[in-house]
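**Q** I would like the atomic coordinates for the input below:
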Amino acid sequence: GVAAAAGVPVTDKAKVVVLIDHDTLRNDLTDSGDAKGAKGSGVTLTGDVLSPSVVRRMACDAEIIPMVLGKDGAPLDVGRSQRLFTPSQRLALVARDKGCSFDGCTVPPTWCDAHHVIPWQRGGRTDLTNAALLCPRHHTHVHQHDLTATVTAFGVTWHTR
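**A** Residues are numbered from 1 along each chain as shown. Sure thing, here's the model as predicted:
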């Protein structure tokens, strides 16, 4: 739905609720630790435990709705979602990137995710100067290796290590 063509309804990829401490989500943590709800992990409403890096990767194409919980876990405040890339921004990315922006990849733009080059949790903006189309494989690779890129009006150059 996110990558739908013009005139087709669009939506976020999925609605998954993940409970994770704000500091854990923002920090660059390793994925080590106890998988049973240990500090440094996210937990879905069905009890699935996710590493902070998986939660951050999922957040690229998801609505993020902050929720403040009380000591007993009861919701005290549910905030507004941060916006995704708009349909117009996605169209501009399609025109600029013409598909996955990772060097040598030929995946078409309709199969790609709009990725924040500087992640939102590090203050990255939702604008074209901070955006790149990535296929699911390279989107995962970029997150796993914390890659950076240079974005110009004509394309994206990924800095591989």
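
**Q** When you work out contacts or count neighbours from here on, use the C-alpha atoms and nothing else.
**A** Fine.

**Q** now for the helix or strand hosting S53, which elements pack on it?
**A** Assigned by DSSP states H and E, S53 falls within helix 52-59. With contacts taken as 3 or more Cα pairs under 8 Å, 6 or more residues apart in numbering; DSSP states H and E, helix 52-59 sits against helix 22-26, helix 136-144.

**Q** what's the angle between it and helix 136-144?
**A** 130 degrees (axes from the mean of the first three to the mean of the last three Cα atoms, to 10 degrees).

**Q** Going by mean pLDDT, which of the helices and strands packed on helix 52-59 comes out lowest?
**A** Ranked by mean pLDDT, these bottom out at helix 22-26, which scores a mean of 67.

**Q** In the lengthiest helix in the chain, which residues are buried?
**A** Longest helix in the chain by number of residues, with DSSP state H as the criterion: helix 87-97. Across helix 87-97, burial judged by 16 or more other Cα atoms under 10 Å covers Q89, R90, L91, L93, V94, R96, D97.

**Q** State the distance from L147 to V117.
**A** According to Cα to Cα, to the nearest Å, L147 stands 8 Å off from V117.

**Q** out of those two, which sits in the busier spot?
**A** A count of neighbours by other Cα atoms under 10 Å puts V117 above the other of L147 and V117, at 25 against 14.
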